[in-house]
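Engineer: Just the structure for this:
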Amino acid sequence: MDESKIFQLSFTGIVLVLFFLLGLSLSNYYALYKLFNFIKTNYRFVFAILSFPFLGLLIQLVNFAVQYLIFVHPYRDEARILLAKVLREHLLKAAHILSEDAKKAIEMIPDDSLFVLLYYTRAPSHLIEWARRRRTIQYLGINYAIAVVIGVTVGIISGVLLKLSVFNNIETRIGTCLIIGIFFIGLSIFIGLKAKRDADLMELAWCYLELMPDVKEQLSSYRLNHILLLDEYCHSKEN
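Structural biologist: A predicted model of the protein is given here:
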């Protein structure tokens, strides 16, 4: 992980903590006062800043999970739909050498996996870098929004529970930690399996493309047909 990514995750974690403190102040100002006094008298608490990247990573996991749960295939814009349509059609036309299971596998490959297969090998490097920077801003904005909502909500709920002395016994504290831990472990496994599936299917598409030289040759000389297909696609969207 590069330094810029660590900084991005750290700032997301800072936003989460700041809005948690805001939520705590709204529901239990005395608890916030006690927390600040604890920080003043316990200088080792400064090492808590090391948790900021970890908190940012948890927010990013929530972001990905929400997108997968709501959209199933979140990375499915016009460019991916168009390019995946072309590549999938070419693969299926040349799939007579493959089994029926292989043909079904081609149809199941997400548009994003097929798009990435060609985009990162054919698009100019400056275009890829420009898009990457814009995607970074997109993810940061969504991550910050999630951090604000979760931070304020958890802060308010924590303040109320502290007023009610819910966390006074050790069993409640342990149970709360276990619930939070199990939730994020499940979230991590869910996102990991989704990411693995997308990568596996992209590699499968690459294997098919390499095993079908006719398809690669057709795609190399397909620029005019691309233009015609794009025109047809745009008309279909208008209608």
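Engineer: where exactly do the helices run in the chain?
Structural biologist: Secondary structure of the chain (DSSP state H): helices located at 3-27, 29-41, 52-71, 78-93, 100-108, 111-122, 125-163, 170-211, 213-220, 223-238.
Engineer: Give me the contact list for the first one.
Structural biologist: Applying C-beta atoms under 8 Å, 6 or more residues apart in numbering, the external contacts of helix 3-27 come out as 31-32, 35, 51-57, 59-60, 136, 140, 143-144, 147-148, 150-160, 163. All C-beta spots, glycine's among them, are computed from the backbone N, C-alpha and C.
Engineer: Now for residue 156, how many residues are close by?
Structural biologist: Using other C-beta atoms under 10 Å, residue 156 has 18 other residues around it.
Engineer: Now do it against residue 163, distance only.
Structural biologist: Counting by C-beta to C-beta, to the nearest Å, the separation of residue 156 from residue 163 is 11 Å.
Engineer: what's the answer for residue 176, then?
Structural biologist: 16 Å.
Engineer: With residue 124 instead?
Structural biologist: From residue 124 to residue 163 the distance is 59 Å (C-beta to C-beta).
Engineer: who has more neighbours, the two?
Structural biologist: More crowded of residue 124 and residue 163, by other C-beta under 10 Å: residue 163, with 12 against 8.
Engineer: OK, contacts around that one?
Structural biologist: 27-28, 31.
Engineer: Between the residues you listed, which sits nearest residue 103?
Structural biologist: residue 27 (57.6 Å; C-beta to C-beta).
Engineer: quick one: that closest one from residue 159, how far?
Structural biologist: 3 Å.
Engineer: which one of the two has more residues nearby?
Structural biologist: The neighbour comparison of residue 27 against residue 159 (other C-beta under 10 Å) goes to residue 159, with 21 against 18.
Engineer: State the distance from the more buried one to residue 23.
Structural biologist: 7 Å.
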